[in-house]
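*Asks:* next one to model:
(one chain, ligands or ions: 1)
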Amino acid sequence: MAAPPSSRIAIYPGSFDPITNGHLDLISRGSRMVERLIVAVLRNQSKQPWFTVEERLQMLAETVTGYANVELAAFDGLLVDFAQARGAGMILRGIRAVSDYELEWQMALMNRRLRPGIETVFLMAGEEYSFISSHLVKEVAALGGSVAGIVPRAVEERLKRRVAERSR
Ligand code: PNS
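*Replies:* Numbers count the residues shown, from 1 in each chain. Presented below is the predicted three-dimensional model:
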C-alpha cells in the first residue's frame, strides 16, 4: 500500500513544453521548501505539444541539475492519484499574473475535493519571469525571435532545431 501523503514531498506538475527559466526558478525555490520535489510531466494532453514527453524529460534532465532532492517523472490520469501514489502531500504551482488565478483556483479546489489530504501551494513567479510562458516561447521561436535568457541554453538549441523541422 502507498504511504500516506507527506507535506515534505511535493509534486510540481506541468506540461513543460518546453521548460522555461520561469519553471527553473520555481523548481529552485520549491526544492528548498520540501525534502523531495517531484517534477512531473503530464503524458496525455489534448494540447498539441511541440516536444514528446521523452524529449521534455530529457530537456528537464539537462537543465535541472545540482538539486539532490529533485526527481523527474511523467504521469497519466489524475494528478492527485499520482501524488497519492508517490506519497506527496503537496502540489506546487506557480502563479504569474492575475490571469493565471482563475484556472489555478479551479484546479486547486477540484484537486482538494478529489483528495482533501493533498494541499496545493502557490509560489509567485519571480518578477523577471512573470511574463514567460511555454506557449509564448514557442510562438516567438516559430516567428524567428530570440528566446535567449528566457529558456535554458540547451532548450534554445532544441527550439531552433524544432522550428527548422516544423518548417520543412
Ligand atoms: O503546465 P500546465 O499545462 O499548466 O499544467 C497543467 C496540469 C498538468 C497541472 C493539469 O492539466 C493537470 O493536473 N492535469 C492532470 C489531469 C487532472 O488531474 N485533471 C484534474 C485537475 S483539476
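
*Asks:* what about Ile9, helix or strand, and which?
*Replies:* Assigned by DSSP states H and E, Ile9 belongs to strand 6-14.

*Asks:* neighbouring strands - and their directions - for that strand?
*Replies:* strand 36-42 (parallel), strand 88-95 (parallel) (DSSP bridges).

*Asks:* average pLDDT for the last one?
*Replies:* The one in question is strand 88-95. What strand 88-95 shows for mean pLDDT is 98.

*Asks:* so what pLDDT did Val41 get?
*Replies:* We have a pLDDT of 98 for Val41.

*Asks:* repeat for Ala73
*Replies:* 98.

*Asks:* bridging residues for it?
*Replies:* Note on Ala73: beta-bridge partners by DSSP bridges are Ala40.

*Asks:* got a list of what it touches?
*Replies:* Counting by Cβ atoms under 8 Å, 6 or more residues apart in numbering, Ala73 makes contact with 38-41, 82, 86. For every residue, glycine as well, the C-beta is placed using N, CA and C.

*Asks:* among the residues you listed, which one has the most neighbours?
*Replies:* Counting neighbours by other Cβ atoms under 10 Å, Val39 comes out on top of those with 27 neighbours.

*Asks:* give the buried residues for stretch 45-62.
*Replies:* Neighbour-count burial for stretch 45-62, with 16 or more other Cβ atoms under 10 Å as criterion, is recorded at 49-51, 53, 56-57, 59-60.

*Asks:* looks like Leu114 contacts Leu78 (just checking).
*Replies:* Yes - using Cβ atoms under 8 Å, Leu114 is in contact with Leu78, at 6.6 Å.

*Asks:* buried ones in the strand holding Ile9?
*Replies:* Buried residues in strand 6-14 (16+ other Cβ under 10 Å): 9-14.

*Asks:* from what I see, Leu72 and Gln58 are in contact.
*Replies:* No - using Cβ under 8 Å, Leu72 is not in contact with Gln58, being 9.5 Å away.

*Asks:* all helices of this structure, in order?
*Replies:* Along the chain, counting by DSSP state H, helices occupy 21-31, 53-63, 79-85, 98-114, 134-142, 153-166.
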